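Q: Provide a 3D model corresponding to the input given below.
(2 chains)
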Number of protein chains: 2
Amino acid sequence: MNPYRTESLLRTRIVAAVGRDLAAIEKALTENLDPYYDLVARTARHILFAGGKRLRPLLAVLSARICGSDPPESIRFSTIFEYLHAATLLHDDLVDGASLRRGKPVAHQIFGNETAVLTGDFLLARSLSIAADTGNPRIIQVIAEITELMSQGEIAQLFNRGRVDLTESEYMEVIRRKTATLMQGACQAGALLAGANNGDCNALKTYGHHLGMAFQMADDLLDYTADSGHLGKAVGGDLKEGKLTLPVIYAMSVADSTDRDRMKHMLGNRTIGEPEFRAFVDLLTANGGISYTREKARAHVAGAKEALAGFGESSPAHKLAMIADYALARRK
Amino acid sequence: MNPYRTESLLRTRIVAAVGRDLAAIEKALTENLDPYYDLVARTARHILFAGGKRLRPLLAVLSARICGSDPPESIRFSTIFEYLHAATLLHDDLVDGASLRRGKPVAHQIFGNETAVLTGDFLLARSLSIAADTGNPRIIQVIAEITELMSQGEIAQLFNRGRVDLTESEYMEVIRRKTATLMQGACQAGALLAGANNGDCNALKTYGHHLGMAFQMADDLLDYTADSGHLGKAVGGDLKEGKLTLPVIYAMSVADSTDRDRMKHMLGNRTIGEPEFRAFVDLLTANGGISYTREKARAHVAGAKEALAGFGESSPAHKLAMIADYALARRK
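A: Model prediction:
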């Protein structure tokens, strides 16, 4: 159960607890970017310094620390996961035809598709170079695996677009590849950097997996439940794109044929207005799609915290637990 | 000096000499692709099995062998460089707005931009996974460096588009990053896989660098001198895109103001027809742009062969020398 009443209280506590790490990560993100060309620098900065949470680098740093070691290179190393994340955002926004990200127009609309593609490639390459600097083949293996699974997840999502018969297990597989893999990899790589034993590596891998699953489900919920101003991107994007997420998959699976047909009819309709969107959300709620998804996400938050049990009480353990709570409590 | 009179004779000799390797590379390219989704498989196959020369994997295999070792994994390993190459082709054709590649419509026109972006990402990820399997941090470092330099080269080329004041040294830097880096890296990584000493690694690095420079200059020449049917892509593409290559840079630097203005006027004009294109090629020829570029490329071919001197006479040395000659002799 979430022990904090409000998201803002939880966020304040997390930021207070990891503020110094976040500042160090921020600095390293700038220092290691140093791209050769002005426009790439601008494009990369646009995506990198637009209010991201730095969750993935933070996971890598805290995972190294919970294993009892805080190698001096862990901050630089942790930027790998933010660069990788930014690279996929650049390509995905382009593939999805998105228009807003964190309250700003997406990069490809400002700088052009060409620059967005090549800057994504550059950021991916940058993250590989930093990974290669570790000289640790197991870490490289983890990064290579992340990259491959994420690209497969994005491809699956593209091909599933508009499919109204997507199943819950297909959805789970997509979000595992698309989102959980990177968080899992950041945790696992942090543990490897600290020279952790297999047991600890696997525990953090499990933590990262559950966190990522919860995080993506919360994201998919927010697309139906958030205020657009608060979320920083257009709400209802998934509906308009015809992207089936768990709230919809579940609601459609239990709805009667009238409700199901109404939902099917609205899915993928890009011209949908506010009243239809509200009606769609009402259908999701009435058919239990919202509460079912929240329950599933809550179970993953619990799974994430359980994976930390073996580490005992410690400051990084406490922080990782707070982050797990935040995955679901957040409003953007 | 090129000891073979015709391209076709040289090509026949090379294919006879490396036919078994090429067949093994072909098989490995299929086996290691195995993508998860049908459309990606199709897109990847479209770019991978459309008459590519397999030059880069061949360089890796021959580089391992010239160092006196032929590790059993060298064929699988060599696919890294074809996947990397295919990944950049997919993204570059999209960025360049190209329409033909090897005589066929480019992938993004058939399968859509989204699939081309994501399949490029997938192929890059695939090549990383295979690289990670070597467990050799120096090889990983080489691959990471290649990826980073290539993306910078592509970005520079995008930003230079339409710049009529591009200098020869700027051009050299772009083609070094865009093309020479990958061939150099394939040779270097092949040597590293064979456990070669530093001297041999560096010699093959030098060979690959010169080969890549010659290869790209020959490519840029072909855009003005080839038949479109033979080349398999639209001739004059660089002119229409306003992409300044060495023949143009040199010709403009020595031309009188009348000729220079005529050339400037045609550069970047996408509606140009056959007669204007012929007139442009005549201006290039009259001002020495074609012969100057051929001379520069010839010097790089000589540099490549010189780098092989220390290895003495051997079958792989002979093959690598033939490939260097072919870089300039080829007509597509």
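Q: going forward, measure contacts and count neighbours with C-alpha atoms only.
A: Fine.
Q: and A:Ala191, how far from chain B?
A: From A:Ala191 across to chain B, the span is 18 Å (Cα to the nearest Cα, to the nearest Å).
Q: quick one: pLDDT of that residue?
A: If you check A:Ala191, the pLDDT there is 97.
Q: same check on A:Pro3?
A: pLDDT for A:Pro3: 44.
Q: do A:Gly229 as well
A: pLDDT recorded at A:Gly229 is 56.
Q: for the stretch 101-250 of chain A, which residues are neighbours of chain B?
A: When proximity is defined by Cα under 8 Å from any Cα of the partner chain, the stretch 101-250 of chain A lies next to chain B at A:113-115, A:117-119, A:121-122, A:125-126, A:128-129, A:132-133, A:135-138, A:140-141, A:144-145, A:147-148, A:151-152, A:154-156, A:158.
Q: check those for burial and list the buried ones.
A: A:113-115, A:117-119, A:121-122, A:125-126, A:128-129, A:132, A:135-138, A:140-141, A:144-145, A:147-148, A:151-152, A:154-156, A:158 (16 or more other Cα atoms under 10 Å in any protein chain shown).
Q: three-state assignment of A:Glu313?
A: Look at A:Glu313: counting by DSSP: H, G, I helix; E, B strand; the rest coil, its state is coil.
Q: low-confidence regions, the stretch 151-300 of chain A specifically.
A: Along the stretch 151-300 of chain A, the model assigns pLDDT under 70 to residues A:228-234.
Q: for chain B, what's its nearest residue on it.
A: Distance from chain B to each residue of the stretch 151-300 of chain A (Cα to the nearest Cα) is smallest for A:Ser151, at 5.4 Å.
Q: host element of that residue?
A: helix A:137-160 (DSSP states H and E).
Q: could you give the angle of that helix to helix B:137-160?
A: Going by axes from the mean of the first three to the mean of the last three Cα atoms, to 10 degrees, helix A:137-160 is angled at 50 degrees with respect to helix B:137-160.
Q: touching the helix or strand just after helix A:137-160 from outside, list them.
A: Sequence-wise, the next helix or strand downstream of helix A:137-160 (DSSP H and E) is helix A:168-175. Residues outside helix A:168-175 that contact it (Cα atoms under 8 Å, 6 or more residues apart in numbering or on different chains): A:153-154, A:156-157, A:213, A:216, A:244-246, A:249-250.
Q: ranking those by neighbours, who comes first?
A: Within these, most neighbours by other Cα atoms under 10 Å in any protein chain shown means A:Met213, with 29 neighbours.
Q: backbone dihedrals for A:Pro72, please?
A: phi -60, psi -30 (degrees, to the nearest 10).
Q: what sits against it?
A: Contacts of A:Pro72 by Cα under 8 Å, 6+ apart: none found.
Q: try A:Ala17
A: Taking Cα under 8 Å, 6+ apart, one finds A:Lys319 in contact with A:Ala17.
Q: element containing it?
A: If you go by DSSP H and E, A:Ala17 is part of helix A:7-31.
Q: kindly report the same for A:Arg278.
A: A:Arg278 is part of helix A:274-286 when elements are defined by DSSP H and E.
Q: distance between the following helix or strand past that helix and the chain's centre?
A: Moving toward the C-terminus from helix A:274-286, the next helix or strand (DSSP H and E) is helix A:289-307. Centroid separation for helix A:289-307 versus its chain: 15 Å, with Cα atoms, centre = their mean, to the nearest Å.
Q: for stretch A:244-259, same thing?
A: Taking mean C-alpha positions (Cα atoms, centre = their mean), stretch A:244-259 and its chain are 24 Å apart.
Q: how about the helices in the stretch 1-150 of chain A?
A: Here the stretch 1-150 of chain A has its helices, by DSSP state H, counting those that start in this stretch, at A:7-31, A:38-48, A:55-66, A:74-96, A:107-111, A:113-133, A:137-160.
Q: related to what we said a few turns ago, who are the packing partners of the helix holding A:Arg278?
A: Where contact means 3 or more Cα pairs under 8 Å, 6 or more residues apart in numbering or on different chains; DSSP states H and E, helix A:274-286 is packed against helix A:246-254, helix A:257-266.
Q: hmm, who's touching the first one?
A: The set of residues that contact helix A:246-254 without belonging to it, under Cα under 8 Å, 6+ apart, is A:166-168, A:171, A:217, A:220-221, A:259-260, A:263, A:283-285, A:287-290, A:292-293.
Q: deepest of the helices and strands packed on helix A:274-286, which one?
A: Sort these by mean neighbour count, taking mean count of other Cα atoms under 10 Å in any protein chain shown, and helix A:246-254 sits at the top with a mean of 22.
Q: returning to that earlier point: leaving out sequence neighbours, find the closest residue to the residue of the stretch 151-300 of chain A closest to chain B.
A: Leaving aside its sequence neighbours, A:Ser151 sits nearest to B:Phe122 (Cα to Cα, 6 or more residues apart in numbering or on different chains; 5.4 Å).
Q: hang on, that neighbour packs against A:Ala144?
A: No: applying Cα atoms under 8 Å as the test, B:Phe122 and A:Ala144 come out as separate, 10.8 Å apart.
Q: from B:Ala180, how far out is the closest residue to A:Ile25 other than its chain neighbours?
A: Closest residue to A:Ile25 apart from its sequence neighbours, by Cα to Cα, 6+ apart: A:Ile75 at 5.9 Å. A:Ile75 is 33 Å from B:Ala180, where distance means Cα to Cα, to the nearest Å.
Q: list the buried residues in stretch A:272-283.
A: A:277, A:280-281, A:283.
Q: how near is the residue of the stretch 151-300 of chain A closest to chain B to A:His209?
A: When distance is defined by Cα to Cα, A:Ser151 is 17 Å away from A:His209.
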